[in-house]
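A.B. asks: Next one to model:
(chains A, B, C and D)
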Protein chains: 2
Amino acid sequence: MAEDRRTRRTRRALREALVALVLERGFGALTVEDIAERADVARATFYSHFQGKDDLFARVTSDLLADLDERMRPAVTESTVGFTGRPLLELLRHARDERDLYRIVLQGEGDGRPLRMFIDSCARVTAMEFRVRAERNGVTPRIDPDLLARVWVGEQVAVLQWWVAHETPPMPAEEVVRMLLDLALRGRYWASGFDVPG
Amino acid sequence: MAEDRRTRRTRRALREALVALVLERGFGALTVEDIAERADVARATFYSHFQGKDDLFARVTSDLLADLDERMRPAVTESTVGFTGRPLLELLRHARDERDLYRIVLQGEGDGRPLRMFIDSCARVTAMEFRVRAERNGVTPRIDPDLLARVWVGEQVAVLQWWVAHETPPMPAEEVVRMLLDLALRGRYWASGFDVPG
DNA sequence: ACAGCTACTGAACAGACTGTCCGAAAACAT
DNA sequence: ATGTTTTCGGACAGTCTGTTCAGTAGCTGT
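C.D. replies: As a prediction, the model looks like this:
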């Protein structure tokens, strides 16, 4: 048999209440009672599903990461040939679909733990991507791939923060990818408006 | 007359206790009693100096930002001519001198508020730097300077996080600057080991 | 549609933390 | 030495936590 409809409803309501309240007041300012009340659920019921607000938040965010991981997998393996930007595009689409949650995570709610996990996950995948591509093309990186991956992910996070902060996307995902790819390949000198020297 | 020696000692002890405890357990897990006990100060005394742990944390971090701002000012005005990396170098030195606090802030403790303030501050300065330089050299940016500044700061934050996470600096500040400058000017294509086309 | 589970409710509980108050004691500046 | 200022330690009500439990409502499978 599938999951009981009541538990589904309750868990869903609690998750949505958490997201809404974190956006309104910030995670640190919330109490379990706040969340339960917003979800229209008894406090005792909350504790029969989660150990506390940290637990609820951890589950919500780790589910998000798992979902992202699943969506990224095909894009990554397909992208080890060249700098296609496919993984980044998939990331942006995911962020568009789960905007509120991304806002929360990218803001560093929960003492930054979810954001660190997000960054670590992205950096791990990216570093692997770099290594595979370098090997395939027979080149040796001039900068440690792990560090380079963190820098690249740092850029992406910065753009994501800017992107999801707006109520309506300030530019389509495809354009963001093109821009970031231009920047990554041609460098900031070019982006600043200077002609690239020979 | 200067500040009473007792208040100086007490405030200092409380600040140091906070930093140490946040590194050990994370901000969210701390109580006022924890901090007061570590500082060897009565709980009532804590409240005669700060409104609560959020207030203490806010003061510590905003003092850090003010200090950074002061140290950066000369480096920035001197750097609007070309991509010297002076501001970045100053930032790295500040991070070296205040490593523990930087760890805390860059980790996103306090629901990410201090980190957001840090990033906003850096991005504001950087965007201004970009604009001034573009005007001086008579070029028009190919990417919105505000967004470009956020990306550039995002890279710096990523590197800072990597840099301060180590117990002893994994490479000297000057080398980090050179690396990031190379990356920013020549692009990731070059950094990955490929020869730059054209 | 009914029987038998299972989950939710609302209330109560001890324990921890908060924020404030106070008189007594200690440290300070002069 | 004196008057001022800070710290101390204890006490206080109020909030939040995490758990328990009997009663009620809702669900699933047949």
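
A.B. asks: alpha carbons only for contacts and neighbour counts from here, please
C.D. replies: Will do.

A.B. asks: Which strands and helices lie in contact with the helix or strand hosting A:Asp69?
C.D. replies: Under the criterion of DSSP states H and E, A:Asp69 resides in helix A:53-79. Applying 3 or more CA pairs under 8 Å, 6 or more residues apart in numbering or on different chains; DSSP states H and E, one finds that helix A:53-79 contacts helix A:5-25, helix A:86-97, helix A:113-137.

A.B. asks: Indicate which one of the ones you listed is closest to chain B.
C.D. replies: With CA to the nearest CA as the criterion, chain B lies closest to helix A:113-137 of the helices and strands packed on helix A:53-79, at 7.2 Å.

A.B. asks: now the angle between helix A:53-79 and that closest one, please.
C.D. replies: Relative orientation of helix A:113-137 versus helix A:53-79 (axes from the mean of the first three to the mean of the last three CA atoms, to 10 degrees): 10 degrees.

A.B. asks: got JSON lines for the helices and strands packed on helix A:53-79, with mean neighbour count, distance to chain B and mean pLDDT too?
C.D. replies: Converted to JSON lines, the helices and strands packed on helix A:53-79 look like this (neighbours: other CA atoms under 10 Å in any protein chain shown; distance: least, CA to the nearest CA, whole Å; pLDDT from 0 to 100):
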{"stretch": "helix A:5-25", "mean neighbour count": "16", "distance to chain B": "10", "mean pLDDT": "98"}
{"stretch": "helix A:86-97", "mean neighbour count": "19", "distance to chain B": "15", "mean pLDDT": "96"}
{"stretch": "helix A:113-137", "mean neighbour count": "18", "distance to chain B": "7", "mean pLDDT": "94"}
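
A.B. asks: Go ahead and confirm A:Thr61 touches A:Arg113.
C.D. replies: No: when contacts are counted by CA atoms under 8 Å, A:Thr61 is not listed as touching A:Arg113 (9.7 Å).

A.B. asks: Need the helices and strands packed on helix A:53-79 in CSV (columns: distance to A:Gln156).
C.D. replies: Below are the helices and strands packed on helix A:53-79 laid out as CSV (distance: least, CA to CA, whole Å):
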stretch, distance to A:Gln156
helix A:5-25, 22
helix A:86-97, 8
helix A:113-137, 10
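
A.B. asks: out of these, which comes closest to DNA strand C?
C.D. replies: helix A:5-25 (3.8 Å; CA to the nearest atom of the strand).

A.B. asks: Please see if the next helix-or-strand element following that closest one touches DNA strand D.
C.D. replies: Downstream of helix A:5-25, the first helix or strand assigned by DSSP H and E is helix A:32-39. Yes: Helix A:32-39 lies within reach of DNA strand D by CA under 7 Å from any atom of the strand, at A:Val32, A:Glu33.

A.B. asks: and helix A:32-39, what's its mean pLDDT?
C.D. replies: Across helix A:32-39, the average pLDDT comes to 98.

A.B. asks: buried ones in it?
C.D. replies: A:Val32, A:Ile35, A:Ala36, A:Ala39 (16 or more other CA atoms under 10 Å in any protein chain shown).

A.B. asks: what does it rub up against?
C.D. replies: A:Thr10, A:Ala13, A:Leu14, A:Glu16, A:Ala17, A:Leu18, A:Leu21, A:Ala42, A:Arg43, A:Phe46, A:Gly52, A:Lys53 (CA atoms under 8 Å, 6 or more residues apart in numbering or on different chains).

A.B. asks: Run the chain-centre distance for it.
C.D. replies: Put simply, helix A:32-39 sits 26 Å off its chain's centre (CA atoms, centre = their mean, to the nearest Å).

A.B. asks: cool, stretch A:41-58 as well?
C.D. replies: The chain centroid and the centroid of stretch A:41-58 are separated by 24 Å under CA atoms, centre = their mean.

A.B. asks: do stretch A:4-11 as well
C.D. replies: For stretch A:4-11, the distance to the chain centre is 27 Å (CA atoms, centre = their mean).

A.B. asks: What about A:Gly108? Give its phi and psi, please.
C.D. replies: phi 90, psi 20 (degrees, to the nearest 10).

A.B. asks: Could you pull up the residues touching the nearest residue to it once chain neighbours are set aside?
C.D. replies: Of all residues not flanking A:Gly108 in the chain, B:Gly112 sits nearest, at 4.5 Å (CA to CA, 6 or more residues apart in numbering or on different chains). Applying CA under 8 Å, 6+ apart to B:Gly112 gives the contacts A:Gln107, A:Gly108, A:Glu109, A:Gly110, A:Asp111, A:Gly112, B:Val105.

A.B. asks: Chain A - how does it break down into domains?
C.D. replies: A:1-50, A:60-191 (automatic domain parsing).

A.B. asks: Can I get those domains in CSV including distance to B:Phe57?
C.D. replies: Putting the domains of chain A into CSV (distance: least, CA to CA, whole Å) gives the following:
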stretch, distance to B:Phe57
domain A:1-50, 13
domain A:60-191, 13
